[in-house]
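Chemist: sequence-free structure coming up:
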């Protein structure tokens, strides 16, 4: 029986259809899966037999060191028609994508600034020129180094063309991709995934993949982490259930193509630079696989948010979907946090996000709707960056509209925040910003103006309006 009052969208069928293709998924995050496109193509009882079934090659893809503790050890065995080593030597890609960064100590390409930054949505280029995902990817900011296996990068992309005759491989780290406009059809060595706006997809380090645009032009956001992998956050006193459920993460099932592909190009991102190698076959020739190191996607509408139910504003960490932890407990290399539709019920409380200075750095994006702390200027497809200890918070219009309801009984009534989906990449590292991002025509140079109109509402009865002396009784530290 359906519940017409249920605010959530109906759950999708486990199979999703696009054209004549069927995309089937395996449910669960952190599970050990097995999948075969041809029955009997997985070896029985061992990983690397003398002869694999159907004449396939066995190839292991390791996402962690061999000796990483078992509960964090990640690897997958791929059974493929030809091994991935069968290619010509790598050469620097021509033309290069000079707006990609993998080492943020390079002061020729990045700048340190504590200024609050905001960007309007980047226009998706109209063809011609034809721009695919690889050429449409550009770095905004980041910290650390892919060479040192510690740090992160935040990119955006705008593409108008599917990848054709080529595949991308990121040797630097994991990609978390957030499409904002246009579906992505992503083919990986483990199979295919259809990812519309409102969903995310994680492509772990080392997987080869290709991005098609079934809806036409697409744009979105990408976070990249070096030397770590995403995982679900601990729930602490929340208990065993809530936030993102592991069963709602979906991984692809085996799919392969066998045709010869002379001149097929592998584009490898290595140290933030692009290299290419050619081969005569598709890299998507994996007939079967098993393991726990796999790409996956997640529908953000399935997130179960928690919130305050009496007074005050919960910290945004309560909305963490995925985290990449550091060695220090509770401190993240990168958190992926969302601000989804939800009920606001706190009484006698300023319900929008509070004014804040944070030891973490916050990059925000907007998938659709209006963000609750910014009445104007923060648009779907746009972005903002508030770095370590840089003040930020609701704009003047939001603050004044909220406190104008003071004393109104309706101000304490529950209200449902709907029609919006914002997110945040948050890191303990201090980012450096790419010069082209600072010089971009999309940068909102007047962003600071959204707070300039905040006026003083302070009042008290003392004749000394400069606050020089305290009135008798103000000193609460009494002597016995």
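Modeler: Done, it's in. Nothing here was measured: the structure is a model prediction, and the numbers come from that model. Residues are numbered from 1 along each chain as shown.

Chemist: now the residue most central in space within the chain: closest residue in space that isn't a chain neighbour?
Modeler: Nearest to the mean C-alpha position of the chain, by C-alpha atoms, centre = their mean, lies residue 176 at 4.3 Å. Of all residues not flanking residue 176 in the chain, residue 223 sits nearest, at 4.7 Å (C-beta to C-beta, 6 or more residues apart in numbering). All C-beta atoms are positioned from the backbone trio N, CA, C, and that covers glycine.

Chemist: ok so, going back, partners of the helix or strand that contains the residue nearest to the centre of the chain in the sheet?
Modeler: Element membership for residue 176 (DSSP states H and E) is strand 174-181. Taking DSSP bridges as the criterion, strand 174-181 sits next to strand 199-203 (antiparallel), strand 218-226 (antiparallel) in its sheet.

Chemist: name every strand pairing with the helix or strand following it and say which way it goes.
Modeler: Note on strand 174-181: by DSSP H and E, the next helix or strand toward the C-terminus is strand 184-188. The pairing partners recorded for strand 184-188 under DSSP bridges are strand 191-195 (antiparallel), strand 208-212 (antiparallel).

Chemist: per-residue pLDDT, the closest residue in space to residue 35 that isn't next to it in sequence?
Modeler: The shortest distance from residue 35 to any residue other than its chain neighbours is 4.2 Å, reached at residue 254 (C-beta to C-beta, 6+ apart). In this prediction, residue 254 carries a pLDDT score of 98.

Chemist: pull the number of nearby residues for residue 254.
Modeler: Each residue near residue 254 was counted by other C-beta atoms under 10 Å, and the total is 25.

Chemist: do the same with residue 313
Modeler: 15.

Chemist: what's next to the longest helix along the chain, contact-wise?
Modeler: Identified as the longest helix of the chain according to DSSP state H is helix 396-403. Helix 396-403 has contacts (C-beta atoms under 8 Å, 6 or more residues apart in numbering) with 350-352, 372-376, 394, 450-454, 457.

Chemist: which parts of that helix are buried?
Modeler: Of the residues in helix 396-403, 396, 398, 399, 402 count as buried by neighbour count, 16 or more other C-beta atoms under 10 Å.

Chemist: enumerate every residue touching the residue nearest to residue 35.
Modeler: 35, 36, 37, 190, 191, 286, 287, 288, 289.

Chemist: weed out the non-buried ones from those residues.
Modeler: 35, 36, 190, 191, 286, 287, 288, 289.

Chemist: phi, psi of the second one?
Modeler: What it means is residue 36. Dihedral pair for residue 36: phi -140, psi 130, per degrees, to the nearest 10.

Chemist: which of the helices or strands spans the closest residue to it other than its chain neighbours?
Modeler: Distance criterion C-beta to C-beta, 6+ apart; nearest residue to residue 36, sequence neighbours excluded, is residue 288 at 3.7 Å. For residue 288, the host element (DSSP H and E) is strand 286-291.

Chemist: tell me the angle of that strand relative to strand 184-188?
Modeler: 90 degrees (axes from the mean of the first three to the mean of the last three C-alpha atoms, to 10 degrees).

Chemist: helices or strands next to strand 286-291 in the packing?
Modeler: strand 33-36, strand 75-80 (3 or more C-beta pairs under 8 Å, 6 or more residues apart in numbering; DSSP states H and E).

Chemist: and the next element down the chain from that strand?
Modeler: Strand 286-291 is succeeded, C-terminally, by strand 296-299 (DSSP H and E).

Chemist: what is the mean pLDDT for that next one?
Modeler: Per-residue scores along strand 296-299 average to 98.

Chemist: buried set for the helix or strand following it?
Modeler: Remark: after strand 296-299, the chain's next helix or strand is strand 320-325, criterion DSSP H and E. Within strand 320-325, the residues scored as buried using 16+ other C-beta under 10 Å are 320, 321, 322, 323, 324, 325.

Chemist: is it correct that the third one is in contact with residue 228?
Modeler: Meaning residue 322. No: proximity of residue 322 to residue 228 does not meet the contact threshold set by C-beta atoms under 8 Å, at 11.2 Å.

Chemist: next up, phi/psi of residue 136, please.
Modeler: Dihedral angles (degrees, to the nearest 10) for residue 136: phi -90, psi 0.

Chemist: the closest residue to it other than its chain neighbours bridge partners, please.
Modeler: Spatially, and ignoring its direct neighbours in sequence, residue 136 is nearest to residue 159 (3.8 Å; C-beta to C-beta, 6+ apart). For residue 159, the beta-bridge assignment (DSSP bridges) gives partners residue 218.

Chemist: which residues of the protein fall in helices?
Modeler: Using DSSP H, helices in the chain cover 396-403, 435-438, 449-452.

Chemist: could you pull out the strands for the stretch 1-150 of the chain?
Modeler: In the stretch 1-150 of the chain, strands defined by DSSP state E, counting those that start in this stretch lie at 15-18, 21-27, 33-36, 57-62, 75-80, 91-92, 110-111, 117-119, 137-145, 150-159, listed in chain order.

Chemist: distance to residue 260 for those - can I get that in TSV?
Modeler: Shown next, in TSV, are these (distance: least, C-beta to C-beta, whole Å):
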stretch	distance to residue 260
strand 15-18	26
strand 21-27	22
strand 33-36	23
strand 57-62	17
strand 75-80	15
strand 91-92	22
strand 110-111	43
strand 117-119	44
strand 137-145	29
strand 150-159	27
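
Chemist: from residue 368, how far off is the residue nearest to residue 160 when sequence neighbours are not counted?
Modeler: Distance criterion C-beta to C-beta, 6+ apart; nearest residue to residue 160, sequence neighbours excluded, is residue 217 at 4.4 Å. Separation of residue 217 from residue 368 (C-beta to C-beta, to the nearest Å): 16 Å.

Chemist: where does pLDDT dip in the protein?
Modeler: 1-21, 407, 409-410, 462-480 (pLDDT under 70).

Chemist: now residue 120: closest residue in space, sequence neighbours ignored.
Modeler: residue 442 (4.7 Å).

Chemist: do residue 184 as well
Modeler: Nearest one to residue 184, counting by C-beta to C-beta, 6+ apart, is residue 195 at 4.5 Å.

Chemist: ok, the one you found - how many residues close by?
Modeler: Neighbours of residue 195 using other C-beta under 10 Å come to 22.

Chemist: list the residues that contact it.
Modeler: Contacts for residue 195 (C-beta under 8 Å, 6+ apart) come out as 177, 179, 183, 184, 185, 186, 201, 297.

Chemist: hang on, the fifth one packs against residue 194?
Modeler: Yes: applying C-beta under 8 Å, one finds residue 185 in contact with residue 194, separated by 5.5 Å.

Chemist: ok, residue 217 and residue 368, which is more surrounded?
Modeler: residue 217 (18 against 14).

Chemist: the more buried one against residue 179, yeah?
Modeler: No: Residue 217 is beyond contact range of residue 179, at 11.3 Å (criterion: C-beta under 8 Å).

Chemist: overlap of the contact sets of the two?
Modeler: Counting by C-beta under 8 Å, 6+ apart, residue 217 and residue 179 have no shared contacts at all.

Chemist: just how off-centre is stretch 103-117 within its chain?
Modeler: Offset of stretch 103-117 from its chain centre (C-alpha atoms, centre = their mean, to the nearest Å): 21 Å.
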